[in-house]
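# everything below, folded, please.
(2 chains)
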Amino acid sequence: MTVRDTSRVGGDQGLADAESAGTEPGQAELSGLTREPAPTNVTGQSGPRRMLAGLRNVWRQLTSMRTALILLFLLAIASLPGALLPQWSLNSAKTAQYLIEHPTLGPLLDKFGFFEVFGSPWYAAIYLLLFTSLVGCLLPRTLEFAGQLRMPPVATPRNLGRLPHHHRAEVAGSPDEIADRIVGRLRGWRIARRVEGDPGSATAAVTISAERGYLREVGNLVFHLSLLGLLVAIAVGKLVGYEGSVIVNTGSQFCSTSPASYDNFRPGLLVDGTQMSPFCVDVQQFTASYNEAGQATGFVAEVRAQSGPAAGTDQWVSETLQVNEPLRMDGERLYLLGHGFTPHFQITYPDGTVRDYSQPFAPEPNDPNFTSEGAVKVLDPPGATGDQVRKRQLAIVGIFAPTALVHGGIMTSSFPAPQNPGVAIDVYRGDLGMEGGRSQSVFSIDTAQVDNGLLIKQARQNLLVGESVTLDDGTKITFTGFNEWVSLQTSFDPAQVWALIFAVALLVGLMTSLVFKRRRVWFRLRPAASLAQPPGAGPIAGSAAGIPPPQRAGGRDRTVVEVGGLARTDQAGYGEEFDMLASLGTAQDKASSSR
Amino acid sequence: MGDGGMNETWAQISDLAFEAALAGYVVALVCYAIELAGKRTAEPTAAGAGRQRSAAVGAGVTSTLTKTGGFAAGTDRDQIGVVNRPASSLAVRFGQAAVVVTAVGAAANVLSVVARGLAVGRLPLGNMYEFVSVICAVTAICWLIVLAKTGARTLGTFVMLPVVVLALVAGTKLYVPAAPVVPALNSYWKWIHVTTIAISSSILLVSGAASVLFLIRGRLERKELATLAAGRAAGQPVDVLGAGDGRGGRTRVGSLLTVLPTTATLDRIAYRTAIVGFPLFTFAVIAGAMWAEVAWGRYWGWDPKETCAFITWVFYAAYLHARSTAGWRGRRAAWISVLGFASMLFNLFFINMVVSGLHSYAGLN
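Numbers count the residues shown, from 1 in each chain, chains lettered A, B, ... in the order given. Just a heads-up that it's a prediction; the model follows:
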């Protein structure tokens, strides 16, 4: 991963010789990757040792940058079907539809988890391998970095002329004086000052090694560790969190006591429903506002809520629930996700019994005017007993239009707000088929019963509020009005705050690692008199060895200042800084610098 | 803005300004292309100075106009040793005009975005038309910044091409009249999430264009070297003009090699923009997750848009890693960058317009 970039930069540029071997972070690992013998020549070794060598090889392969890159690549590719194919967890209806439309390919894809990509074993295999690789790379890297922080910057390379940045000048002053000046001006650098040759002798050279930009590595490590932390936080959330959704009519209460109280409940792997913290909401009023064009401008639900110790008591807190403004209660969050209408019907039976019925209708997808579909089912008609019950069950099936517009006998809705509510209903009588053991949608009837002649249509009618339809046996069905329902979702994820913390740390680490540049600069200060050749002439001396007898050049000491610079990451931008660094020794008389 | 939050005048100004911006971008693209063509037809050999041609078929181009040549040398300083060609001054003038028109177009684009915001009384990022309009504006501005920093003007054609295409699509296919957004989008998170996504997408767009050109140039260079090697083997004299990257070679007239910045420059542009765009994109995704927590009840749900953003993120992470890994630098890294670029565009268009998900706010239904 990124954390190893520096070693590879160094290795790639053939600068290993310019740096003292072994002090490079990841150097051992780098050489390990290229030098580690393949386990072919291990026949002489004992079984366990051979196995160990093999394992070590596998580990090295796994933690290599190449493998990490390939795994990253695989992760991206493997995520693609999650974006392109319908997913069970997101849209089960669409997934089922896809399976019907693709009878050969569909089941095969389903078998291999393509409709549940992010829960599939192969996806887990990729990210687990990736994170193993990450850990295997991070741990040694962190240790190495800790070691580097304790060690002084590496010794000055013998031949500074081979570095990407190089500068040489002769300035007045003794090496020690100039070294003092340079060290004094290297603010914010980690510095090591060393003496080459016999200290005190006339040929002794002073070297300064300086390095800065350690924060880059800190950022790197923080970024990658945060990535690990983020994964853990997500995993914990998936284990102990849950989501539940429920439809609540205005004027009704809902209490979260067990998974059974929800219409739909998606528990985490460790959730059995016994540890849920109870809370209750009382949905008092819901208001949807629209502009003239029928576009929604706001959804507001006025609720009363109680949670924690107050749950189940008479203590209520009034709250406003809005889109984008969830209600947060002791770790549980309550969201307003949708709304709809619940038409009310009154049925007057032939024997004179009057009963009221209401049932939430589901808004048709993609209809901005909120035409809603649903069914009211009467399973126990009064006056019927025994087998008669299953011959006299009633169903009111149809649509609810908040602003009814009848055109050619067909009712549609022309506006999403309830300005002129109406229903277009089919009334069925017969056996609803509820005893068959098959589950039914609350929004529709089992059409197989109709096809089998067990459920017979009695009437089809458009009704506005107050209007009614009378069946042949005298049963009178009146559309009496409506109220609104809201769809609420409860979410519980105690780890999400950690996910946020790690995400922020990740971003800070990323930016730190991109902003800071790790770079090194070395100075070698030699008495001009100790050099065989005058500075600047001929090839640069490779070594301070074999120096001729000291000479005096002029009345004062003169020093040859050689500077070498190496940006250990991105070379771009280091040039200007290096120019400044190179002038440190000569800053007072810049003109004398002989570039 | 109290009554209905709509202002017809601002809406009209916005539409007019958008048309002006589109016109500016088209003209700029044409001018960049003329400059590019002019450079490609310019005779690259010193001996051919007398046969100098420009895009305008040498119409009245004389040596008295070479004062602009000095400017060209200054602005194209990064095309070190690509080809030692005499500057075609008319082409250069087109290039200069292109920059001016780009700036005018970008200004009109910004005006259009601001006016739209005033017309609807909200952040003008509520649908795909507005989003793409902002992307065009930021890309144009980002390009002008890159231009100022690197002087690689010949890239203009390749950056403006996607901008013009995006602006055209926005103006025709995606256009919707000014209107308020649905309540789900009515959150201050939109400011944070959508703005940063738009800006980071734009920056990564420039990065992607640079990577594409990096690959094209790399390919041409390899071809050139192969021809050169073949020529050498055949014993032909080699006229080394000092082509880019120290690989000598006489470049054919009309080759893209004669106009593209060096691979080093392209790589630097791609990398520099990516390291700005990537953290911003990361921030935008995190902000999106925080908004999702507020709006949908979970911070991450593998919605198609989220998934594709994740894929893009992984590609760019891989790009940054690859660029600092021996053996992956250069071509392989550029390919990964191009993949990230592709998934970005894919996410912007395909996911919004074809795949249905929670992010289906294109306003195209």
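# kindly report the residues of the stretch 101-250 of chain A close to chain B.
Contact residues, the stretch 101-250 of chain A versus chain B (C-beta under 8 Å from any C-beta of the partner chain): A:117-118, A:234, A:243. All C-beta atoms are positioned from the backbone trio N, CA, C, and that covers glycine.
# and the two most separated of the residues you listed?
Greatest spacing in these, by C-beta to C-beta: A:117 and A:243 (19.0 Å).
# which one of these two has more residues nearby?
Remark: of residue A:117 and residue A:243, residue A:117 carries more neighbours, 23 against 20, as counted by other C-beta atoms under 10 Å in any protein chain shown.
# quick check on the more buried one: phi, psi?
In terms of degrees, to the nearest 10, the main-chain angles of residue A:117 are phi -50, psi -50.
# check contacts around it.
A:78-79, A:81-82, A:85, A:87, A:123, B:302 (C-beta atoms under 8 Å, 6 or more residues apart in numbering or on different chains).
# the same query, at a cut-off of 7 Å, please.
A:79, A:81-82, A:87, A:123 (C-beta atoms under 7 Å, 6 or more residues apart in numbering or on different chains).
# now do the residue of the stretch 101-250 of chain B at minimum distance from chain A against residue B:122, distance only.
Nearest residue of the stretch 101-250 of chain B to chain A: residue B:187, at 4.2 Å (C-beta to the nearest C-beta). The gap separating residue B:187 from residue B:122 is 11 Å, by C-beta to C-beta, to the nearest Å.
# over to residue B:217?
44 Å.
# got it, and residue B:327?
Note on residue B:327: its distance to residue B:122, by C-beta to C-beta, is 50 Å.
# what do you get for residue A:184?
Counting by C-beta to C-beta, the gap from residue A:184 to residue B:122 is 57 Å.
# which one of those two has more residues nearby?
Neighbour totals were compared for residue A:184 and residue B:122, and residue B:122 leads with 21 against 9 (other C-beta under 10 Å).
# and the more buried one, that one's in a strand?
No - counting by DSSP: H, G, I helix; E, B strand; the rest coil, residue B:122 is not found in a strand; it is coil.
# rewinding a little: so which of the contacts of residue A:117 belong to helices?
The members of the contacts of residue A:117 that map onto helices under DSSP state H are A:79, A:81-82, A:123.
# by neighbour count, which of those residues wins?
Among those, residue A:82 has the most neighbours (other C-beta under 10 Å), with 25 neighbours.
# residue ranges with poor pLDDT in the stretch 401-550 of chain A?
A:532-550 (pLDDT under 70).
# residue contacts, the residue of the stretch 101-250 of chain B closest to chain A?
A:324, B:291, B:294-295.
# can you rerun that using 10 Å?
A:322-325, B:181, B:193, B:291, B:294-295 (C-beta atoms under 10 Å, 6 or more residues apart in numbering or on different chains).
# likewise for residue A:121?
A:112-113, A:128.
# of all of chain B, which residue lies closest to chain A?
residue B:324 (3.2 Å).
# pretty sure that residue contacts residue B:333?
Yes - Residue B:324 is within contact range of residue B:333, at 8.8 Å (criterion: C-beta atoms under 10 Å).
# which neighbours do these two share?
Shared contacts of residue B:324 and residue B:333 (C-beta under 10 Å, 6+ apart): residue B:271.
# right, and residue A:397 touches residue A:441 too?
No - using C-beta under 10 Å, residue A:397 is not in contact with residue A:441; the gap is 11.2 Å.
# list residues touching both of these two?
Taking C-beta under 10 Å, 6+ apart as the contact rule, residue A:397 and residue A:441 both touch A:374-375.
# who has more neighbours out of these two?
Neighbours per residue, other C-beta under 10 Å: of residue A:397 and residue A:441, the larger number sits with residue A:397, 22 against 10.
# contact partners for the more buried one?
Counting by C-beta under 10 Å, 6+ apart, the residues that residue A:397 touches are A:373-377, A:424-428, A:443-445, A:447, A:450, A:455, A:457, A:460.
# out of those residues, which are inside helices?
Going by DSSP H, the helices hold A:447, A:450 from the contacts of residue A:397.
# what about the closest residue to residue A:87 other than its chain neighbours, which SS state?
Sequence neighbours aside, residue A:115 is the residue nearest to residue A:87 in space, at 5.8 Å (criterion: C-beta to C-beta, 6 or more residues apart in numbering or on different chains). Under three-state DSSP, residue A:115 falls in the coil class.
# so what's residue A:115 scoring on pLDDT?
On pLDDT, residue A:115 comes in at 89.
# and the gap between it and residue A:85?
For residue A:115, the distance to residue A:85 - C-beta to C-beta - is 6 Å.
# again, but for residue A:210
Residue A:210 is 55 Å from residue A:85, by C-beta to C-beta.
# who has more neighbours, those two?
residue A:210 (23 against 19).
# wait, that one touches residue A:179, no?
No - Residue A:210 lies out of contact with residue A:179 (C-beta under 10 Å); the separation is 11.5 Å.
# and for residue A:115 and residue A:85, which residues touch both?
Shared contacts of residue A:115 and residue A:85, counting by C-beta under 10 Å, 6+ apart, come down to A:94-95, A:98, A:106, A:109.
# can you get me a residue count around residue B:227?
Residue B:227 has 14 nearby residues by other C-beta under 10 Å.
# equivalent analysis for residue A:275, please.
Around residue A:275 there are 10 residues (other C-beta under 10 Å).
# which SS class is it?
Secondary structure assignment for residue A:275 (three-state DSSP): coil.
# quick one: pLDDT of it?
pLDDT, residue A:275: 76.
# quick one: contacts for it?
Contacts of residue A:275 (C-beta under 10 Å, 6+ apart): A:240, A:242, A:492.
# pretty sure the first one contacts residue A:493?
Yes - with the criterion set as C-beta under 10 Å, residue A:240 and residue A:493 qualify as a contacting pair; they are 8.0 Å apart.
# what do these two both touch?
Joint contacts of residue A:240 and residue A:493 (C-beta under 10 Å, 6+ apart) are residue A:268.
# these two: which has the busier surroundings?
Each of residue A:240 and residue A:493 has its neighbours counted (other C-beta under 10 Å); residue A:493 has more, 25 against 17.
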